[in-house]
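Following is a predicted model, sequence given first.
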Amino acid sequence: MAAEGAATGLGDIAHFVYTGRDDERAFLAFDVWKDPSGIAAFYGDPAFQESAAGIFTGPPDVTVFHSTNWHQWGVSDPVASLDGAWQVTSFTCDGTAMPIGDFSLTVRAADGIFVQAFDPGCVATLEEDYTYADDGGFEIAPTSLTCDPSDTCGDILGASCLPEPPATRFDWALDGDGLVFRRTAEGPGDFPCEVGDQVEFALERTCI
């Protein structure tokens, strides 16, 4: 109970505890995190380790798993999981292919922070907050853009050191390890697409 405030403050949204059927001293707990960056901070906290030492006969084994979009039951209206590492395979404006460079992103949990890594030659990264749900929306709010442009960056999306794009909302469709983001271009934030264009990103999940 004493650890709950620290855990929830770092992104732990659920804590489930079990004991052994054959040995009631056996202990197993599952914690569900919406922000994976808090996991190491919590379990590595000397205060937590000291409290665990007073409970267990030895150091607890701590293992981290990813959530998945595998078939599940027992949950009402589950949200399809976009968790994983994604590689953008195409970017189009009204069906016309646009240069995208080496563009990848990683998503963990239904809301959090991800970093878009653009063409490494351009040394460009964009940090963003995001939320998604099964109503088809994926909302992105950029928080910082850093880049070191070179002569090769002019045609690479996001690598031209333009101001941070505005917050945007995409419709998305997930089919196995394929994902499509779509929206109608509304302004400069959808560059190089023009206002009214159908913006579409196709992505492939490279790992869970």
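Received the coordinates, thanks. Numbers count the residues shown, from 1 in each chain.

starting at the chain centroid, how far to stretch 22-29?
Between the centre of stretch 22-29 and the centre of its chain there are 33 Å (CA atoms, centre = their mean, to the nearest Å).

okay, that stretch in PDB with CA atoms only?
Output of stretch 22-29 as PDB, limited to C-alpha atoms (Å, rounded to 0.1, in the frame of the first residue of the first chain):
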ATOM      1  CA  ASP A  22       0.500 -25.500  -3.500                       C
ATOM      2  CA  ASP A  23       2.600 -23.100  -1.600                       C
ATOM      3  CA  GLU A  24       0.800 -20.100  -0.200                       C
ATOM      4  CA  ARG A  25       4.200 -18.300   0.300                       C
ATOM      5  CA  ALA A  26       4.700 -18.200  -3.500                       C
ATOM      6  CA  PHE A  27       3.900 -14.600  -4.700                       C
ATOM      7  CA  LEU A  28       3.100 -13.300  -8.200                       C
ATOM      8  CA  ALA A  29       2.100  -9.800  -9.100                       C
END
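
List the contacts of it.
His15, Phe16, Val17, Tyr18, Thr19, Gly20, Phe56, Pro60 (CB atoms under 8 Å, 6 or more residues apart in numbering). C-beta here means a position set from N, CA and C on the backbone, and glycine is covered the same way.

what's the helix or strand for the closest residue in space to the first one that isn't next to it in sequence?
So the one you mean is His15. Among residues not flanking His15 along the chain, Asp31 sits closest, at 5.3 Å (CB to CB, 6 or more residues apart in numbering). Assigning secondary structure by DSSP states H and E places Asp31 in strand 27-33.

what angle do the least confident helix or strand in the chain by mean pLDDT and strand 27-33 make?
Least confident helix or strand, the chain: strand 111-117 with a mean of 78, by mean pLDDT, DSSP states H and E. Counting by axes from the mean of the first three to the mean of the last three CA atoms, to 10 degrees, strand 111-117 points 70 degrees away from the direction of strand 27-33.

Which elements pack onto strand 111-117?
strand 104-107, strand 125-132 (3 or more CB pairs under 8 Å, 6 or more residues apart in numbering; DSSP states H and E).
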